[in-house]
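>>> got a predicted model here, sequence first, then my questions.
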Amino acid sequence: MDHFELFGLPRRVDVDVKALEQRFRELSMELHPDRLVGADARDRRIAAERTASLNEGVKILRDPVRRAFYLLKLKGVDVESEQAAAKLQMPMEFLEEIMERREALERVKAAKDLDEAHRMAAEIRSARDAALATARAALETDDVPAAAQALGRVRYYVRFLEEVDAFEEELMS
Amino acid sequence: MKGYLQIHDPLKPKGQVVGIDLGTTNSLVAAVVNGKPVCVPVDVDGALLLPSVVHYHQNGGVIVGRPAVEQLANHPTDVIKSVKRFMGKSLGDVETKKLGAYRFVPGTNGVVRFQVSGGQPVTPIEVSGEILRHLKRRAEGYFAAKVEQAVITVPAYFDDAQRQATKDAGRLAGIEVLRLLNEPTAAALAYGLDKGAQGLYAVYDLGGGTFDISILELVDGVFQVKAVGGDSALGGDDFDRAIVEKVLAARGITDPTPGQIAGLLQAARAAKERLTDADATTVDFEGHSFPVSRADFDAWIDPLLKKTGLAVKRALKDAGVTPADVKGVVLVGGSTRVPAVRRYVAELFGQEALHDIDPDQVVALGAAVQADLLTNEARKDEVLLLDVIPLSLGLETMGGIAEKIIPRNSPIPTAQAQIFTTFQDGQTGMDIHVVQGERELVKDCRSLANFRLSGIPPMAAGMGRVQVTFKVDADGILSVSAKELSTGVEQQITVKPTHGLTDEEIEQMLLDSIDHAEEDIRNRLLIEQQVEARRLLIDAAKQLEENGDLLAGDERRALEMSLSTLETLMKTTKDHEALKAAIHETDSLARPFVEKIMNRAIAKAAVGRRMEEFEGHATGRLP
């Protein structure tokens, strides 16, 4: 059963997040191991596994980026795995641009310049949103190669943003 | 007899379930009575707060609570306080040495042990076990019922080792831990249910030794923890210490004795408490009097407050919310009585915090609510807690890098798998090093466990693929399995923290505690029999009233006589064997009566219950 089926949702890029959360709460109420304190170990283990799938499912479907990656994976391309990502053959100029930005980020990190890092993150965020919009449109029309290309870009942008977050955290602690 | 007469729901646990707040400074027990959580008197004079202080006397006796506190100045190395700070820690941890009054001895696996008078060195788990045992005994006396199941609270920020240590302490005390509940979640539960609240809440919990911040959302009876954060080594004790350092510096003492530290800490604590209401006070030490104004004190603790502020900001960020989204802030922990703390929290969130429930009691009350929710069939649908893991869990990869498998603030239970490939030609084994923490390098994270997956068939580098699966249960405790994908060779371990105790050690401790606690055991056995007798009396009275017509006059008189003898004995004897014998005698006498009641019930059994249930009860549970 895939995550969409688990929550009784159509397999689409757009998800009614409110309805999803509502369904998540209802299912958790039913399936959580806390409902089974008196039951035997096997039933409790199954409940824990089901709840784990609920938690995983809601995490992916709630977030538009993760949801798009997941939908593409259901269509046969797992952009998040290293091997598949290598096969995508991202355009050279895109890879060069990303490399330049990463080098710039390294310099900003060395200088401990959080404001500059935030400014760069804002740029990357809008680039990510644009690529995501392209990917979503491609997924809607079932254009898998185009969606894979766009999500390939999203993947690089997400990595970049994670790096900014990690940098911010190092500064805070 | 009791099995039938009692007619209880098979799912309903025997005895009283309780919630326990095993605190750094104080510990409490609470239970839901008539639908409301209440704290139970656990210390001398019926106090609700039991100081988490244990005195190991030279004659081998163990004293817990305020009487132990009184021995602190005279026996600084035999009186263990704030033991929670040592839970799951090793001698190598910096924190361990900060409060230097104790004599430490290394134990196996690097476990901290305290050298105390009157016996073997004790581990923090055993010391906590003594506190729990005391709480359990007091609660049993109060309820005149066995207390065998409890929800025990832990700081949300506790790592795997600290959680495991807490569970082990419960086991040592003979308590089945229904759930380890995060303290802030417990506090929110106490508030949320009372008020039927909906929305986003923050819980700011500053206890004696730990700081926790939780961001929770309550919708339709589901409590969803969005993010937790904090510092498991920051609390009100540090406020005391800040004062102590100033006094020591003023006196020019660079190498204080354990006695001096202990005495001064007590004086500092008292001064801190006075400053909650007073603008100025003095710390009296060795005949000298040091003036401390509230402004001084506020300045000294300011860096500590700022540390809590950072954790709050990080938790808000993790939850993806801003202070303006927060509908209410709950204060927990005695240290939130400090005016500077309240002011600081109000500034952080732009609103005054809630504090209508006693901040010392709120965690225990919430734990009692959770214990009730977990075991009370009628309340099961009211509320559900969805908690998260506080710290990221990961694996060591090439170059000493920690690769996160489950990021912090992931909802639990959870399971995540990741595939790793071999990196050498012909590699037949893979070392799996499990770590916990947020830092990038393994050396900055907490090491949880090491194991080796062997039996990988020799292949070219990169061809062998190993799937490592992390599972975290609803208590936040991790198990890890690794599987070689081409052959299916699988290995599984439940992570026993590097600085924890092995199952064998726990068993041995249980045996040891039986050895030198014969009196405890006798008491416990007596209480158990008293509980049995009481149940029998209550059940019999009820059945006599409802089904008394089944007995002939002399049968009834004989049974009543036996019941009255039993009641007298229950109230007077200290001999559990004698009481047990009397229970047995009354029970045998009642057996024909029980059979008659049973026949009558079976005759009426068209309604609802199946026959084997009656038989199961009647035969399976006779003593």
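Good, I have the coordinates.
>>> just give me the neighbour total for B:Glu585.
13 (other CB atoms under 10 Å in any protein chain shown). For the C-beta atoms, the positions are set from N, CA and C on the backbone; glycine is no exception.
>>> helix or strand for the residue lying closest to it once chain neighbours are set aside, which one?
Excluding the flanking residues, the one nearest B:Glu585 by CB to CB, 6 or more residues apart in numbering or on different chains is B:Ser562, at 6.6 Å. In this structure, B:Ser562 sits in helix B:553-572 according to DSSP states H and E.
>>> rewinding a little: I'd say the residue nearest to B:Glu585 and B:Asp587 touch.
No - counting by CB atoms under 8 Å, B:Ser562 stays clear of B:Asp587, with 9.3 Å between them.
>>> any shared contact partners between these two?
Jointly contacting B:Ser562 and B:Asp587 under the rule CB atoms under 8 Å, 6 or more residues apart in numbering or on different chains is no residue at all.
>>> report the angle between the axes of the host helix or strand of B:Leu536 and helix B:553-572?
Using DSSP H and E, B:Leu536 maps to helix B:518-547. If you take axes from the mean of the first three to the mean of the last three CA atoms, to 10 degrees, helix B:518-547 sits at 150 degrees to helix B:553-572.
>>> give me the distance between B:Lys443 and B:Gly400.
Separation of B:Lys443 from B:Gly400 (CB to CB, to the nearest Å): 6 Å.
>>> now do the contacts for the spatially most central residue of chain A.
Per CA atoms, centre = their mean, the C-alpha nearest to the average position across chain A is that of A:Arg66, at 2.4 Å. Going by CB under 8 Å, 6+ apart, A:Arg66 touches A:59-60.
>>> what helix or strand is it on?
helix A:64-74.
>>> what about that helix, distance to the chain center?
7 Å (CA atoms, centre = their mean, to the nearest Å).
>>> buried sites along that helix?
A:64-65, A:67-73 (16 or more other CB atoms under 10 Å in any protein chain shown).
>>> equivalent analysis for stretch B:446-459, please.
Buried residues in stretch B:446-459 (16+ other CB under 10 Å): B:446-449, B:451, B:453, B:456, B:459.
>>> and the contacts of that stretch?
B:159-161, B:391, B:393, B:422, B:425-437, B:464, B:466, B:478, B:480, B:482-484, B:486-487, B:489, B:491, B:493, B:495-498.
>>> you'd agree B:Phe160 is up against B:Leu478?
No, residue B:160 isn't Phe; it's Asp. Yes - in this structure, B:Asp160 is within contact of B:Leu478 by CB under 8 Å, at 5.5 Å.
>>> contacts only, for the residue in the stretch 51-200 of chain B that chain A sits nearest to.
Closest approach between the stretch 51-200 of chain B and chain A, counting by CB to the nearest CB: B:Leu178, at 6.4 Å. B:Leu178 makes contact with A:37, B:17, B:149-151, B:371, B:374-375, according to CB under 8 Å, 6+ apart.
>>> at 6 Å instead, please
B:Leu178 makes contact with B:149, B:151, B:374, according to CB atoms under 6 Å, 6 or more residues apart in numbering or on different chains.
>>> what about the first one, how many residues nearby?
What it means is B:Gln149. 21.
>>> got the phi/psi numbers for it?
phi -130, psi 140 (degrees, to the nearest 10).
>>> before we move on, back to that, the buried residues of stretch B:446-459 in helices, which ones?
Among the buried residues of stretch B:446-459, DSSP state H puts none in helices.
>>> now do the nearest residue to B:Glu396 once chain neighbours are set aside: how many residues are near it, please.
Closest residue in space to B:Glu396, ignoring its immediate chain neighbours: B:His433 at 3.9 Å, by CB to CB, 6+ apart. Using other CB under 10 Å, B:His433 has 18 neighbouring residues.
>>> are we agreed that B:His433 is in a strand?
Yes - judged by DSSP: H, G, I helix; E, B strand; the rest coil, B:His433 forms part of a strand.
>>> out of the contacts of B:Leu178, the closest to B:Arg251 would be?
Nearest to B:Arg251, judged by CB to CB, of these is B:Val151 at 45.3 Å.
>>> pretty sure the closest one sits against B:Leu180.
No - between B:Val151 and B:Leu180 there is no contact under CB atoms under 6 Å: 7.8 Å.
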